[in-house]
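Asks: with the input below, show me the fold.
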Amino acid sequence: MNQVTIRTEYIKLDQFLKLADCIPTGGMAKALLQEGLVRVNKEPEERRGRKLYPGDIVEVDGEGTYEVAAE
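Replies: Model prediction:
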């Protein structure tokens, strides 16, 4: 599992996917989410604006599993 460190209280899912290098641009998050390829804490997620906090686990099919970590 990869850890991705954030410097704020939370990060939105689309921004996180870009930070974790799952997508090259934030705009591509919409397509990834609509295809059902993203799960947050084992639950399917379709909202780009979903707030992620340290300790949340994001799974992206074909990319890997990431944990949100605080700085």
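
Asks: now do the contacts for M28.
Replies: L17 (C-beta atoms under 8 Å, 6 or more residues apart in numbering). For every residue, glycine as well, the C-beta is placed using N, CA and C.

Asks: mind giving me the packing neighbours of the helix or strand of the chain with the lowest mean pLDDT?
Replies: The weakest-scoring helix or strand in the chain, judged by mean pLDDT, DSSP states H and E, is helix 29-34 (a mean of 90). Applying 3 or more C-beta pairs under 8 Å, 6 or more residues apart in numbering; DSSP states H and E, we find helix 29-34 packed against helix 13-19.

Asks: quick one: contacts of the least confident helix or strand of the chain?
Replies: In contact with helix 29-34 (C-beta under 8 Å, 6+ apart) are residues L13, D14, L17, K18, C22, I23, V38, E45, E46, R47, R48, V60.

Asks: same thing but at 10 Å, please
Replies: 12-18, 22-23, 37-38, 44-50, 60-63 (C-beta atoms under 10 Å, 6 or more residues apart in numbering).

Asks: whichever of these end up buried, select them in PyMOL.
Replies: The following PyMOL line selects those of the contacts of helix 29-34 that are buried, judged by 16 or more other C-beta atoms under 10 Å:
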select buried, resi 12+13+14+15+16+17+18+22+23+37+38+45+48+50+60+63
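
Asks: identify, by residue count, the longest strand of this structure.
Replies: strand 64-70 (DSSP state E).

Asks: listing partners with orientation, what would you give for it?
Replies: strand 2-6 (parallel), strand 57-60 (antiparallel) (DSSP bridges).

Asks: so of these, which one's packed in deepest?
Replies: strand 57-60 (a mean of 18; mean count of other C-beta atoms under 10 Å).

Asks: okay, that strand in CSV with CA atoms only?
Replies: Extracted C-alpha coordinates of strand 57-60, given in CSV (Å, rounded to 0.1, in the frame of the first residue of the first chain):
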residue,chain,number,x,y,z
ILE,A,57,-7.9,4.1,2.0
VAL,A,58,-8.4,4.6,-1.7
GLU,A,59,-8.4,1.7,-4.1
VAL,A,60,-8.0,2.3,-7.8
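
Asks: sounds good, over and out.
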